[in-house]
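Q: how would this look folded up:
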Amino acid sequence: MYKNLVLAGSIAGILGALTCLITGLARMAGFYYLAGYQSTTLFTAGIGLMVFACLIKLENLQSSKPQD
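A: Numbering: from 1, shown residues only. Below is the predicted model of the structure:
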């Protein structure tokens with residue numbers, strides 16, 4: 001179960017970083033819309049994916065801690 005969460009966190013983090021990178025570069029190049037969505041909306045979705053990945057990783061760290 002935890003290995004699946006780690007994998008999901010890694011995938012979400014990579015997808016979020018790539019989304020932010022692509023939309024940031026597109027915005028600087030002057031493209032305000034990508035695939036029918038505003039580039040700032042897609043950038044916000046990328047940030048959300050990275051936050052989701054951080055929360056999953058944090059939960060995994062907390063649950064793997066030995067209980068006292």
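
Q: pLDDT weak spots in this protein?
A: Of all residues in the chain, those with pLDDT under 70 make up the ranges 65-68.

Q: those helices in it, which residues are they?
A: Remark: helices of the chain, listed N- to C-terminal, are 2-28, 39-63; assignment by DSSP state H.

Q: can you put these in JSON lines and add mean neighbour count?
A: To be clear about C-beta, it is placed using only N, CA and C from the backbone, and glycine gets the same treatment. As requested, the helices of the chain are exported to JSON lines (neighbours: other Cβ atoms under 10 Å):
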{"stretch": "helix 2-28", "mean neighbour count": "15"}
{"stretch": "helix 39-63", "mean neighbour count": "15"}
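
Q: now Gln38: closest residue in space, sequence neighbours ignored.
A: Setting aside the residues directly before and after it, Gln38 is nearest to Tyr32 in space (Cβ to Cβ, 6 or more residues apart in numbering), at 6.4 Å.

Q: so what's the residue count around the one you found?
A: By the measure other Cβ atoms under 10 Å, the count of residues near Tyr32 is 9.

Q: so how far is Gln38 from the closest residue to Ala53 other than its chain neighbours?
A: Nearest in space to Ala53, with sequence neighbours left out and distances taken as Cβ to Cβ, 6+ apart, is Gly13 at 3.5 Å. The spacing between Gly13 and Gln38, counted by Cβ to Cβ, to the nearest Å, is 23 Å.
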